[in-house]
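Chemist: Quick one, fold the following:
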Amino acid sequence: MRRTIFSFATLLCLFFTLGCSSTKVGNPINKKDILEITKNVTTKQEVLDIFGEPTRFGVHGSNEVISYIYRYESTWWNPLSIIPFVTVSDSYSEEQRLRLSMVNQIVIDYQYDEGKQDGNTKKVK
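Modeler: Here you go, the predicted structure:
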């Protein structure tokens, strides 16, 4: 009897923890570090020293482009959602992007943007 109760309790705990996931790509971009970038002055090596290895390298026209991307997503799903017409979930995501254009190893332009999103769904019919 005790074994049955323990097995049931273990399965119940597993059931309620199966609904969580998170993913992370890249490293967070420190906004204070962006202030160290000066157009037509900062070198590629200085950027690499500050931010580390970029997420992407590329070429756009005659410009070398390097990008740093940080993305974090977390989702929570309530197992009660297996009941027909009931959905209970929650999610959170954030993203930062820094794109630098360079000519002759010197930063000539850069763009930074970020976004956060809280989303939850609660639907009962």
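Chemist: C-alpha only now, for contacts and for neighbours.
Modeler: Will do.
Chemist: what's the neighbour count on G52?
Modeler: G52: 12 surrounding residues under other Cα atoms under 10 Å.
Chemist: Please report how far it lies from I106.
Modeler: Look at G52 and I106: by Cα to Cα, to the nearest Å, they are 16 Å apart.
Chemist: just S91 next, same as before
Modeler: Note on S91: its distance to I106, by Cα to Cα, is 40 Å.
Chemist: need the contact list for E95.
Modeler: Shown in contact with E95 (Cα atoms under 8 Å, 6 or more residues apart in numbering): 69-72, 114-116.
Chemist: Pretty sure R71 sits against Q96.
Modeler: Yes - counting by Cα atoms under 8 Å, R71 does reach Q96; the two are 6.6 Å apart.
Chemist: and R99, what element?
Modeler: R99 belongs to strand 86-103 when assigned by DSSP states H and E.
Chemist: before we move on, the earlier item: quick one: which of the contacts of E95 is most hemmed in?
Modeler: Ranking the contacts of E95 using other Cα under 10 Å puts I69 first, with 20 neighbours.
Chemist: Residues in a beta bridge with that residue, which ones?
Modeler: Beta-bridge partners for I69, by DSSP bridges, are R97.
Chemist: looking at the protein, which helix or strand does the model trust least?
Modeler: Taking mean pLDDT, DSSP states H and E as the measure, the helix or strand of the chain with the lowest value is helix 2-17, at a mean of 60.
Chemist: Tell me where the model's unsure across this structure.
Modeler: Along the chain, segments meeting pLDDT under 70 span 1-19, 76-89, 119-125.
Chemist: one step back: could I get the contacts of E95 in TSV, plus columns for distance to V41 and secondary structure?
Modeler: As requested, these are exported to TSV (distance: Cα to Cα, whole Å; DSSP: H, G, I helix; E, B strand; the rest coil):
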residue	distance to V41	secondary structure
I69	23	strand
Y70	25	strand
R71	29	strand
Y72	32	strand
E114	25	strand
G115	28	strand
K116	31	strand
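Chemist: could you measure S91 against H60, distance?
Modeler: Counting by Cα to Cα, the gap from S91 to H60 is 35 Å.
Chemist: Which residue of the two possesses the greater neighbour count?
Modeler: The residue with more neighbours, out of S91 and H60, is S91; 17 against 9, by other Cα under 10 Å.
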